[in-house]
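Chemist: quick one, fold the following:
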Amino acid sequence: MENRLRCLADLKELGFQVGSGVMVGLPGQSVETLADDIALMDRLQLDMIGVGPFIPNPETRWAPKGGSLDLTLRVVAVLRLVTRVAHIPATTAMGSIDPRGREKALECGANVLMPNVTPRTHREHYRLYPGKICLDEDPSTCAACLRMRLDALGRTVNATRAIPAIRVKPPRLHPAALPQRRSRKRDRVEPLDPPNILTSRGFARCVNDNHLQ
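Modeler: As a prediction, the model looks like this:
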């Protein structure tokens with residue numbers, strides 16, 4: 001692990017745009033470990049962060065359990081709040097477990113779509129997970145399909161070269177989005193203290209208390 005982190009630091013020092021990511025729903029994973037992953041990716045100041053649900057092969061012992069789209073989208077949303085300007089793809093894996101998975105990811109903070117330009121004759125040999133979409137789609141129609149999906153969301157495509165992310169301080173969550181408590185001294189409702197979403201407890205509150213709606 002230390003060697004991998006050193007490689008990422010070396011690439012960044014050389015001027016490369018650096019990316020990493022996480023699969024959501026891995027065996028043994030918890031909101032605490034996800035929070036640690038998010039904090040690590042923030043410290044690494046990544047230019048791109050890939051997030052996708054874990055989709056197990058049916059012939060493995062982990063089938064049929066896998067990652068949920070709901071938790072994956074919440075991770076995307078928290079990453080957007082924390083990193084602000086990192087490029088976060090709406091991954092094909094999200095679209096493979098939900099027909100509108102990529103659109104939902106864009107609505108939760110993702111800002112990148114990646115057309116599949118692999119020749120159709122070779123896509124069968126690039127099955128990273130079962131049920132992957134677009135295996136029969138011609139590369140020439142992929143970009144047009146994605147543009148149509150974006151049009152339905154009222155979005156447009158920026159095909160210019162992606163620039164490195166510029167780090168800024170993450171915002172505090174709005175008090176109106178926080179759970180409420182009733183004051184004992186006065187008959188009034190007060191918001192709870194905002195959770196620190198860079199801690200496992202804060203991330204768990206964001207996941208379980210619907211701060212990210």
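
Chemist: only alpha carbons, please: show stretch 136-143 as CSV.
Modeler: Coordinates of each C-alpha in stretch 136-143 appear next as CSV, following Å, rounded to 0.1, in the frame of the first residue of the first chain:
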residue,chain,number,x,y,z
ASP,A,136,-23.3,-5.0,-28.6
GLU,A,137,-23.2,-1.3,-29.2
ASP,A,138,-21.2,0.1,-32.1
PRO,A,139,-18.5,2.6,-31.1
SER,A,140,-19.8,5.1,-33.6
THR,A,141,-23.1,5.4,-31.9
CYS,A,142,-21.9,5.5,-28.3
ALA,A,143,-21.1,9.2,-28.1
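
Chemist: and it, what's its mean pLDDT?
Modeler: Stretch 136-143 carries an average pLDDT of 78.

Chemist: other residues contacting stretch 107-119?
Modeler: 48, 73-74, 76-77, 79-81, 87-90, 92, 102, 106, 123, 126, 134, 137, 139, 142-143, 146, 150, 153, 157, 162, 212 (C-beta atoms under 8 Å, 6 or more residues apart in numbering). Yep, even glycine has a C-beta here, placed from its N, CA and C like the rest.

Chemist: show me where this structure has strands.
Modeler: Per DSSP state E, the chain carries strands over the ranges 19-24, 48-53, 180-182, 189-191.

Chemist: contacts made by the second one with the rest, please.
Modeler: Residues outside strand 48-53 that contact it (C-beta under 8 Å, 6+ apart): 17-25, 41, 66-69, 71-72, 75-76, 79, 83, 86-89, 91-94, 97, 112, 162.

Chemist: least confident secondary structure element in this protein?
Modeler: Every helix and strand of the chain was ranked by mean pLDDT, DSSP states H and E. The lowest is strand 189-191, at a mean of 44.

Chemist: how much space separates the most centrally placed residue in the chain from P53?
Modeler: The residue lying closest to the centre of the chain (C-alpha atoms, centre = their mean) is V76, at 3.1 Å. The gap separating V76 from P53 is 11 Å, by C-beta to C-beta, to the nearest Å.

Chemist: shaky segments in the protein?
Modeler: By pLDDT under 70, the low-scoring segments of the chain are 161-213.
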